[in-house]
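# Just the structure for this:
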Amino acid sequence: MKNILLPTDFSPNAWNATRYAIELYRKKPCTFYLLNTYTPAIVHSRFMAATASGGVMDDNVKALSENGLKETLEQIEAECKYDQHNFEIISSFSLLTEEIKELIETANIDLIVTGTKGASGFEEVFMGSNTVRIIKAVRKCPVLVIPEKYDYRKPLRIAFATDFKRNFSLDILKPLASLAKNLGAAIHIIHINESEVLDKYQQTNKDMLIDLLQPLEHQIHWMPYFSGKSDVMQYFLKEFDMDMLALVHYKHGFLEELIREPVVKRVAFHTQMPLLVLPE
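Predicted structure coming up:
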């Protein structure tokens, strides 16, 4: 039984992520936890006071949260409900990341699935602010990020980006390997050649990765470093028609480079496919 956490703010991109998660595990017994957190703006004010009007505001926001979750559950029942799936709804007066970290422990969450919030022009960003906060805060659970308008298709070609500068373990790769095995997907390892040859440490890590992935279909792609990493990655994903990108969230790693990039640079890596973030 898989336990999947689905944070939602009732937006179209949140619904798209919810539907993707349900379709991804349509043949597997799962419990999906639909989570909405609410923190009225008044709680962020240093002038906050326990007033009667504040209490009314809290009650109204709570009702909106609970009703939104019920409506989402009704939409699931009408459009994409499978017999082997169970659903729990959680409305919580809490900060989103704090509630997620608590649920990972108490509900034994295997995967978090969240949506991106797209924009246009110079406002376009790689991931929405809530998604970035979740990725930065959560270090014990994989996070699957679904683009706002991405239509579900079974991911049979999963790209896994690495520079071989960190060692691998079964624990790190387990979410990726489990997903690939369940879907019958192939893993395409991407290495961007920043130097002509791997050093001994990189070679050892590469061999370890191959050993750990041995039961699964996989291959390595050696990509020339013809531009920035974002550009090379985007080219590969499009040219080889990938269905999903996986990255390990190492401290000071490639993913953090992307998150820290200025907005204009992030536009170059506005991926149009799901991103699986693996905890270190």
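
# use CA for all of it now, contacts and neighbours both
Noted.

# Okay, buried residues for stretch 62-80 please.
Of the residues in stretch 62-80, K62, S65, E66, G68, L69, T72, L73, I76 count as buried by neighbour count, 16 or more other CA atoms under 10 Å.

# err, stretch 104-123, not the other one
Of the residues in stretch 104-123, those buried by neighbour count under the rule 16+ other CA under 10 Å are I104, I109, D110, L111, I112, V113, T114, G115, T116, K117, G118.

# confidence score at the last one?
On the pLDDT scale, G118 is placed at 54.

# ok, now the first one?
Per-residue confidence (pLDDT) for I104: 97.

# So which residues of the chain form strands?
Read by DSSP state E, the chain holds these strands, from start to end of the chain: 2-7, 30-37, 85-92, 111-115, 143-146, 157-161, 186-193, 218-224, 244-249, 275-279.

# Would you mind putting these into a markdown table with mean pLDDT and distance to I135 alongside?
Below are these laid out as a markdown table (pLDDT from 0 to 100; distance: least, CA to CA, whole Å):
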| stretch | mean pLDDT | distance to I135 |
| --- | --- | --- |
| strand 2-7 | 97 | 13 |
| strand 30-37 | 97 | 16 |
| strand 85-92 | 96 | 20 |
| strand 111-115 | 95 | 10 |
| strand 143-146 | 93 | 7 |
| strand 157-161 | 95 | 17 |
| strand 186-193 | 93 | 22 |
| strand 218-224 | 93 | 26 |
| strand 244-249 | 90 | 8 |
| strand 275-279 | 92 | 8 |
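
# Please identify which of those is closest to Y235.
Taking CA to CA as the criterion, Y235 comes closest to strand 218-224 out of the strands of the chain, the separation being 9.8 Å.

# Run through the neighbouring helices and strands of the closest one.
The elements that strand 218-224 packs onto, with contact taken as 3 or more CA pairs under 8 Å, 6 or more residues apart in numbering; DSSP states H and E, are strand 186-193.

# neighbouring strands for the strand it packs on, and are they parallel or not?
Listed by DSSP bridges, the sheet partners of strand 186-193 and their directions read strand 157-161 (parallel), strand 218-224 (parallel).

# residues near E196, how many?
For E196, the tally of surrounding residues (other CA atoms under 10 Å) stands at 7.

# do F10 as well
The burial count for F10: 14, using other CA under 10 Å.

# Could you report the separation of L96 from T37?
Separation of L96 from T37 (CA to CA, to the nearest Å) stands at 6 Å.

# mind listing what's buried in stretch 3-10?
Buried residues in stretch 3-10, counted by 16+ other CA under 10 Å: N3, I4, L5, L6, P7, T8, D9.
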